[in-house]
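J.: Got a predicted structure here, sequence first:
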Amino acid sequence: MEKMLAVKIWRGEEDGEFVTYQVPSRENQTVLDVVTEIQRQVDPTLAYRFSCRVGVCGSCAMTVNGKPRWTCRSHVKNVVKNNTIVLEPLRNMPRIKDLVVDMTEFFDKWKKAGGEFIGTRTRHDSLRWWILPAKPENRRMRRSNASTARCVMRLVM
């Protein structure tokens, strides 16, 4: 018999409520995997946000069992309590629907802090520039980029 996981998810806006879903518990699944499975297999009306799935952008951030976390980097086995996970939108931003928050204030602060990406390449350029050799200085740069996203998450909390 398959082991199941109870997932309580905030549904609605400010005046919403928690709805409990049962999903299969699998080894090495992330909280984002669980939310995606619920949205794709159980309830297609569930609203949530994600982008990169590798712990860089921070768009998948939610409140998991009372703590703000990136769901793509949070493994179920590390956050589950009594075979249950409670998911809410981030508490420091206005709720739009379900697990989605209004990030306008975040992006306003990001712009004010000088956060801007101006690309120098086009879709016609070779992709080889993107693949960095496994050198120590390149590893530091990758860690720095992930650290920047963590900093951004703190900026709005």
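T.: That came through, no problem. Numbering: from 1, shown residues only.

J.: which intervals of this protein have sub-threshold pLDDT?
T.: Low-confidence segments of the chain (pLDDT under 70): 127-157.

J.: where do the strands sit along it?
T.: Shown for the chain, the strands assigned by DSSP state E span residues 4-11, 17-24, 61-64, 67-70, 84-88, 95-97, 100-101.

J.: Between the ones you listed, which one is closest to residue 49.
T.: strand 100-101 (5.5 Å; Cβ to Cβ). C-beta coordinates here come from the backbone N, C-alpha and C atoms, glycine included.

J.: what lines up beside the closest one in the sheet?
T.: Looking at strand 100-101 with DSSP bridges, its partner strands are strand 95-97 (antiparallel).

J.: got a list of contacts for the partner strand?
T.: Identification of contacts with strand 95-97 by Cβ atoms under 8 Å, 6 or more residues apart in numbering yields 10, 12, 13, 14, 16, 47, 89, 101, 102.

J.: Out of those, the closest to residue 40 would be?
T.: Closest to residue 40, out of all of those and judged by Cβ to Cβ, is residue 47, at 13.1 Å.

J.: Quick check, that closest one in contact with residue 62.
T.: No. Applying Cβ atoms under 8 Å, one finds residue 47 not in contact with residue 62, separated by 11.6 Å.

J.: that older thread, nearest to residue 115, of the strands of the chain?
T.: Across the strands of the chain, closest to residue 115 is strand 61-64 (Cβ to Cβ), at 16.3 Å.

J.: got a list of what the residue nearest the centre of the chain touches?
T.: What sits nearest the mean C-alpha location of the chain, by Cα atoms, centre = their mean, is residue 60, with 1.7 Å. Neighbour list for residue 60: 32, 48, 49, 50, 51, 53, 70, 71, 72 [criterion: Cβ under 8 Å, 6+ apart].

J.: give me that answer again for 7 Å
T.: 32, 49, 50, 70, 71, 72 (Cβ atoms under 7 Å, 6 or more residues apart in numbering).

J.: List the ones among these that fall in helices.
T.: Among these, the residues falling in helices (DSSP state H) are residue 32.
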